[in-house]
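Provided below are the primary sequence and the corresponding predicted coordinates.
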Amino acid sequence: MYEKDKGILDDNDNFEEHVPFLKSACDHPGEVGDLTDATRSGQDDSEKYNFCSSFISRCKLFITKEALFLMCLPATYFRDYSFEAWLLYLVPHAEQLGITPSRAVFLSSIGGIGGIIGRTIAVILLVKKVHMFKIYIIVGCIASLSFFFDFVGESFIIRSVWAFLQGLCFFVLDTADATFLKLTLVDESNFSFGLGLVMLMKGSGSISAGLLTGALFDVIQSYTIVFMMTGIPVLIFTINVVVISVLLNRRVKSKHV
């Protein structure tokens, strides 16, 4: 009985201790809510800090470990830039050369047919386990030359040949991103992070292609010059692939030593 009474007395004491707090909560409900909000805000800030610190550390680790893959990102950007510029201005370029709109639209279909054939060739080469970097270098040189010699011929037949050749080349080069991810990444756990960077560069290339080539055309008013200058990013892509191929071969040889 004494223990029970003692327990009751303790409970009453605890109740009396909490009475001021309860009165304060009733008299000033906003202050208690502010205290709760402040606690939650502190937790949110702590979570944001932890996320940012972990993200920064992950980026530093990725940069130090996947330096060769990071060198592939400019190639992704310039290839997508040139592809989007070609895609946007293929038909308007033909119309400016005097080809009727009803015939100029067929150039996109011809380029698409070339793209299907190019992608099929790329898949066959991948199945045969051909060294794709050599293919990208050869195809990149052909594509850049086709843009540099864009001033040759204004007839529909010649434009069709250029459209077919460029479509074939671009859809072969479009497989380069998967090759970069497969061959240059050191740690497979970095695949998702690397894929995100590739998508970022592809989006940046697509957006800047419309902005920069559109601004260039507004200044010079010539799609021929725009197309000829589109060969420059294709050439940069090709040079970048050459550098990556050399560094990759050195890394492979150093592992075997």
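Happy to help now that I have it.

So for the nearest residue to Leu235 once chain neighbours are set aside, what pLDDT did the model give?
The shortest distance from Leu235 to any non-neighbouring residue, by CB to CB, 6 or more residues apart in numbering, is to Ser144 (4.3 Å). From N, CA and C alone the C-beta is placed, and that goes for glycine too. Confidence at Ser144, expressed as pLDDT, is 96.

Pretty sure Ser144 sits against Met229.
No - using CB atoms under 8 Å as the test, Ser144 is too far from Met229 to be in contact (11.0 Å).

between those two, who's got more neighbours?
A direct count of neighbours by other CB atoms under 10 Å for Ser144 and Met229 places Ser144 higher, at 22 against 18.

Could I get the CA-only coordinates of the strand or helix carrying the more buried one as CSV?
Assigned by DSSP states H and E, Ser144 belongs to helix 132-148. Output in CSV follows, covering the C-alpha atoms of helix 132-148 (Å, rounded to 0.1, in the frame of the first residue of the first chain):
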residue,chain,number,x,y,z
MET,A,132,34.2,0.7,-82.0
PHE,A,133,36.6,3.6,-81.4
LYS,A,134,38.2,3.0,-84.7
ILE,A,135,34.8,3.0,-86.3
TYR,A,136,33.8,6.3,-84.6
ILE,A,137,37.0,7.9,-85.8
ILE,A,138,36.5,6.8,-89.5
VAL,A,139,32.8,7.7,-89.5
GLY,A,140,33.4,11.0,-87.7
CYS,A,141,35.9,12.0,-90.4
ILE,A,142,33.5,11.1,-93.1
ALA,A,143,30.7,13.1,-91.4
SER,A,144,32.8,16.2,-90.9
LEU,A,145,34.0,16.1,-94.5
SER,A,146,30.4,15.9,-95.7
PHE,A,147,29.6,19.1,-93.9
PHE,A,148,32.8,20.9,-95.0
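
how about it: buried residues?
132-133, 135-137, 139-140, 142-144, 146-148 (16 or more other CB atoms under 10 Å).

got the contact list for that helix?
For helix 132-148, the external contacting residues (CB atoms under 8 Å, 6 or more residues apart in numbering) are 82, 122, 125-126, 162, 165-166, 169-170, 172-173, 175-176, 179, 227-232, 234-235, 237-238, 241-242, 244-245, 248.

quick revisit: now, the most widely separated pair of the buried residues of helix 132-148?
Taking CB to CB, the two most distant members of the buried residues of helix 132-148 are Met132 and Phe148; they sit 23.9 Å apart.

what packs against the helix or strand following the helix holding Ser144?
Sequence order places helix 156-173 as the next helix or strand after helix 132-148, per DSSP H and E. Using 3 or more CB pairs under 8 Å, 6 or more residues apart in numbering; DSSP states H and E, the elements in contact with helix 156-173 are helix 73-96, helix 101-127, helix 132-148.
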